[in-house]
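Visitor: sequence unknown, structure follows:
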């Protein structure tokens, strides 16, 4: 695990800083988590205090995320994301991802980005909750305090509106977890650093 993490950090560094053209455009985003959608419902719905329906198809999430995006060729970018939020059972969770993005729409006022890349998710263990039905895909840390999941391909969309002659924009995003068949939606601000 440590070797994989080190290799990933080296790859990020090379992609972000090895090319002179990389310094042309970059953006910083700050987002507020909004709603998690369990597209097939969730077997642990009873443990989710902020669910909006009985099957937990929709659950309100509290937390935030930061994102750094660096363009390395026209509409192609590398995105690095980090989330800090309360999960569906209102316990601490973290998500980290790196992805390659493509701007399907890139105009002075609008951006529509689709990105793909690996991600890892950690949450405080739910085994302390009465009635918890273990999720087969989640691994448990050696000290049993955390559950985690590595997802090799995490797709996400982001749409941003940037007022004319302004570096700040308003953005919304949707991240999919194809393993657990869920999506997380939120909104926030982007800032063009270039």
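Guide: Arrived safely, thanks for sending. Just so it is clear, the structure is predicted and the values come from calculations on it, not from any experiment.
Visitor: and residue 69, how many neighbours?
Guide: Neighbours of residue 69 under the rule other C-beta atoms under 10 Å: 24. (Each C-beta comes from the backbone N, C-alpha and C, glycine too.)
Visitor: quick one, phi/psi of it?
Guide: Backbone dihedrals for residue 69, given as degrees, to the nearest 10, come out at phi -120, psi 130.
Visitor: Give me the mean pLDDT for the helix or strand where residue 183 lies.
Guide: Using DSSP states H and E, the element containing residue 183 is strand 182-192. Average pLDDT, strand 182-192: 90.
Visitor: Report all helices and strands that that strand contacts.
Guide: Applying 3 or more C-beta pairs under 8 Å, 6 or more residues apart in numbering; DSSP states H and E, one finds that strand 182-192 makes contact with strand 25-38, strand 62-73, strand 168-177.
Visitor: Report the distance from it to the chain centre.
Guide: 9 Å (C-alpha atoms, centre = their mean, to the nearest Å).
Visitor: Find the nearest non-adjacent residue to residue 48, please.
Guide: Leaving aside its sequence neighbours, residue 48 sits nearest to residue 88 (C-beta to C-beta, 6 or more residues apart in numbering; 4.5 Å).
Visitor: Over to residue 37?
Guide: Leaving aside its chain neighbours, residue 37 sits nearest to residue 183 (4.7 Å; criterion: C-beta to C-beta, 6+ apart).
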